[in-house]
Structure formats: C-alpha cells, structure tokens
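>>> give me coordinates for this.
(one chain, ligands or ions: 2)
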Amino acid sequence: MGLMDEYRSKLVTAEQAVKVVKSGDWVDYGWCVGHAYELDKALAARAEELTDVKVRGGVTLWMPEIFKIENPGDHFTWMSWHFMGVDRKIYEMGCGYYGPIKYNELPRYYRNHVKDVDVAMFQVAPMDRHGYFNFGPQTSHMMAVCERAKIIIVEVNENMPRCLGGYESEIHISKVDYIVEGPNPPLAQLPSAPPTEVDKRVAELIVSQIGDGACLQLGTGWMPNAVGTMIAESDLKDLGVHTEMYVDAFVDIYNAGKITGARKSIDRFRQAFAFGAGTNKLYEFVNDNPGVASYPVDYTNHPSQVAKLDNFISINNAIEIDLFGQVCSESSGIRHISGTGGQLDFVQGAYDSRGGKSFICLSSTYGKKGELKSRIVPTLTPGSIVTDPRTATHIIVTEYGMANLKGLSTWERAEAIINIAHPDFRDQLIAEAEKMKIWRRSNKRGSQTVVA
Ligand SMILES: CC(=O)SCCNC(=O)CCNC(=O)[C@H](O)C(C)(C)COP(=O)(O)OP(=O)(O)OC[C@H]1O[C@@H](n2cnc3c(N)ncnc32)[C@H](O)[C@@H]1OP(=O)(O)O
Ligand SMILES: CCCC(=O)O
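Ligands and ions are numbered 1, 2, ... in the order given. This next block holds a predicted model:
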C-alpha cells in the first residue's frame, strides 16, 4: 500500500477516533503546544459514557474541554508532569494532580515504570513525503509515550512547525492507528511580560558573569526571560544554546547576532532543545530550521550531556530559598505551583561543565507593597518542596547581589544568603540564624562577589 493509501485508510473523524477510549483508561494528550485539541473536544462530548479516565499532559497552555464540563472529576482526572496556571486551576477544581519528575528521566519513566498508556492522542505537523508526522516543538518524551501506547491517534495541524535536526522528533505513519485532520488552530501563545526593575537588576548581575562563547539554558518564569532579553542587548558573542525549553528570548538573542554555536563541543552551530513555547516569532523560527535541533529530553537534560558543553550557563527561577541553601521552585507550602522540571538537571549539569555556572534567581521579596514577604526564609515553609538540595545549589542571585554557596560552611552560607535578602528582613533572618546555630558573628558587609 502506498503512503497516501495508508493515510486515507487511517483517516477518521475525531468523534470516531475517540471511541477507542474506555472507562478506566490512561490517555496521553501530548505536551504543551502539542496537546490534543479536536480530539479533546470529542472526548469531552463522550463524558457521560465515561468514568475514571486518567489523562496525562503537562505545561498546559489552555483549559482542556474535558475539564470545562459539569462535574469533570466524575469522568476525568488530570495528571500533569509540569504545572502552569491552567494545571493549577484543574488542581484547585480537585481533579488535577502532579507527577514529580526529574525531567531528564521522563522518557525512562514511560519505558520502564508507567503502568499503562492505553491511548496516546496529540497534535502533529502534516505527514511528509516519507510518511513521517513531526511532533513539532514537543519532542520531549513523545517517542517513549508512543512506544508504550496501545493506540496512537495523531491530530494533524498545518500550523505545527516541523522541528528537525535531532532524533525521536517524528512518528512514522506505520506506527499510527488513526489520523484526524483537525481545524488547524493557531499554536498557543506564551508571551513574556516586560521586565520589572528587579528583573533588570538581577539580569545585569548574571550577564556580568557570562563570557563570550558560553552555552545557555534559560528556565521557565519571567526572570530568566528578562535575562535573555538583556543578553540580546549585550556585547556577548559566539554564544551557544542547549536548553530544555526553547523560548522567544533565544530568537531575540539569535536575531541580535549573538548566537553562532561555533564554540559548542557537541551540536556545533545548532541550538538544541526538547520543547518550545512562545509566540509566533518562535514557531516560525524553529520551523524547518537546520540551525535548531529538536531532541528528546533525556538527551538535552541529562547532567552528563550538559556537562560536555564548556562554560555552560544555566539560569533558573525559584519561589523560596532557606538559609541552608535549599531551593524550592515548585510549591508554596503545600500549594503546588509548578514542578521540578529540568531545574535540578541543569543545576547539576552546569556545575559539572568546565567553566560552567548555575544561577538560581529570584526577587528578594514577594507580594504587594505594604505586605511584602521575604523569599529568603530561615527554613522552607512547611510543605514546600526541595527542588535543589543544598549540596547542589551553586549561585543564588537577587536584586541585592549574588551568593556562591559552593564550599561554604553552614554559617558562611547563612551569611552569604542573608546578604542578598531584602534589607528590611536581614536583622530578623540573623536572629533566626542565631537560634538555628548557623550564625557566627554579625555581618553587615556588602554582598559577596561570585567566584566561579
Ligand atoms: C525550562 C528549562 O529549560 S529548565 C528548568 C526550569 N524549570 C524550573 O525551574 C521549574 C521550576 N520553576 C518554575 O516553574 C518557575 O520558574 C517559577 C514558578 C519559580 C516562577 O515562574 P513565574 O512564571 O515567573 O511565576 P509567577 O510569578 O507567574 O508565579 C506563578 C505562581 O506562583 C505563585 N507564587 C510565586 N511566588 C510565590 C511565593 N513566594 N509564595 C506563594 N506563591 C507564589 C504566584 O502567585 C502564581 O500563582 P497563580 O498564578 O496561581 O496566582
Ligand atoms: C517540565 C517543563 C518545564 C520546566 O522544566 O520548567
């Protein structure tokens, strides 16, 4: 049978395709911009016939239709590998849960540990002349999902960019059970907010620590994006990119002529990434672009892979840090906010890279004027999740300076961290550090300079 005959034989409507889902099934919806769209609508329409359908996804950019119905929890349960605002809403509705991951390990969880993938349904780019459907900017763990799925349904979206250059970035028609031609919705947009004065100060401090030829990773959150904007405006040159999430800031840095990849020891001249989300600027840039390479996340994120790249600079964001140097980037007490994602992968990998540095950045305070709370706390709020253990944390940055924790004793750490807290909270933090027996003497020196 020719490819087009095979295509026609597998082509069905979304309503026909979702009939394969049964009560009790585990269904995978894909990842981020690749989440099922038309198939999701069709599944929502079957809600009354279904109970206990568990749906996996993550980095969710729009509310799935299955959670817009009446009493969604009676029919569907959401299991997200990484929370965004939408996942938080489903969680607050009482039908969403988080799956803790070290993101580099996610393909392995599918291959070795996840019990069932009854149906995988997700968006793809149109089939190419060789019979492949490109995953678009969601290569991540999608091949592992497909390897385990009993039934694979692809939803073709003509707007899905073709992300090439790596491996495991497409699925062949011979492995697909059903093809649905969706209404070609535009890809979800994830615009970044203009940087605040605090973001700019933090960005200035970090940019001062980056040299020509460095290889960059930018994490999720507003602050890493602000650093990216500042890098685009800097005098840096010959930068490389090896990241998990491709974001608009990389396109800006590239367009400003700062990215060549010429000094990368692997993927020379190419920007490697596992998935992407941003605006149309990003989706147009990555489409069919031989200068970017879309890889599975066990390649981009494994610390040993990151460490192969010299002068690796990893920039990630946190919610709260304690005086021991433990970093929480994913919850506020028991309220789940995001996830470990690839943070710990890159914190470790960047430190292991020759000349590498890992930055955890955060504003010193949180909340409205008059009700400011310090993000630097004596001990993490009960229930807050440790994303980076104190032994992994390298350089912490706030608008008040930088603290390099490697090689410091407990009292030196407390001193370095308090030095970059908001001045209004420093005396209180010192008093707590004294009670915790991690304070040796009063410290009113300026913030510590970073020694890489
Ligand atoms: C992607 C890569 O390449 S690699 C790895 C990067 N991955 C990570 O670092 C994972 C962990 N980090 C993250 O997810 C993000 O960077 C975060 C959550 C730390 C910050 O992200 P931002 O988008 O800048 O956070 P934002 O300010 O929008 O806050 C997100 C939510 O957290 C809440 N929040 C933030 N800080 C606090 C705090 N100190 N206390 C209580 N709640 C807080 C906000 O209220 C908001 O919740 P809501 O939208 O439900 O009201
Ligand atoms: C898991 C995807 C996003 C992140 O690492 O923050």
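
>>> after the lowest-mean-pLDDT helix or strand in the chain comes which helix or strand?
Using mean pLDDT, DSSP states H and E, the weakest-scoring helix or strand in the chain turns out to be helix 222-232, at a mean of 88. Counting by DSSP states H and E, the element after helix 222-232 in chain order, helix or strand, is strand 240-241.

>>> strands paired with whichever helix or strand comes after that next one, and their directions?
Following strand 240-241 in sequence order, the next helix or strand is strand 245-246 (DSSP H and E). Here strand 245-246 has these sheet partners by DSSP bridges: strand 275-276 (parallel).

>>> for the partner strand, give the mean pLDDT please.
If you average the pLDDT over strand 275-276, you get 98.

>>> how many residues are close by G99?
By the criterion of other Cβ atoms under 10 Å, G99 has 14 neighbours. Yep, even glycine has a C-beta here, placed from its N, CA and C like the rest.

>>> list the contacts for the residue nearest to it when sequence neighbours are not counted?
Setting aside the residues directly before and after it, G99 is nearest to W81 in space (Cβ to Cβ, 6 or more residues apart in numbering), at 5.0 Å. The contact partners of W81, by Cβ atoms under 8 Å, 6 or more residues apart in numbering, come to 56-58, 98-99, 101, 103, 106, 339.

>>> got a pLDDT number for W81?
98.

>>> and for S447?
47.

>>> quick one, strands of the stretch 1-150 of the chain?
Here the stretch 1-150 of the chain has its strands, by DSSP state E, counting those that start in this stretch, at 26-28, 53-57, 76-80, 96-98, 119-124, 132-134.

>>> contact residues of the stretch 201-350 of the chain facing ligand 2?
Within the stretch 201-350 of the chain, the residues that sit near ligand 2 (Cβ under 6 Å from any ligand atom) are 219-220, 244-245, 339, 341-342.

>>> now for those residues, which sits with the most neighbours around it?
Neighbour-wise, these (other Cβ under 10 Å) top out at G342, 29 neighbours.

>>> contact partners for the closest residue to ligand 2 within the stretch 251-400 of the chain?
Of all residues in the stretch 251-400 of the chain, G341 sits closest to ligand 2, at 2.0 Å by Cβ to the nearest ligand atom. Residues in contact with G341 (Cβ under 8 Å, 6+ apart) are 82, 101, 103, 219-220, 244.

>>> sticking with E204, tell me its helix or strand.
helix 197-207.

>>> how is the chain divided into domains?
3-181, 197-435 (automatic domain parsing).

>>> the shortest one vs ligand 2: in contact?
Think domain 3-181. Yes - interface with ligand 2: domain 3-181 contributes 59, 82, 103 (Cβ under 6 Å from any ligand atom).

>>> what about the last one, how many neighbours?
Here the neighbour count serves as a burial measure; for Y103 (other Cβ under 10 Å) it reads 28.

>>> list the contacts for the closest residue to it other than its chain neighbours?
Once flanking residues are discounted, Y103 sits nearest to G342: 4.1 Å by Cβ to Cβ, 6+ apart. Each residue near G342 by Cβ under 8 Å, 6+ apart is listed here: 103-104, 219, 244-245, 274, 297, 300-301.

>>> let's go with 7 Å and repeat that
Residues counted as contacts of G342 (Cβ atoms under 7 Å, 6 or more residues apart in numbering) are 103-104, 244, 301.
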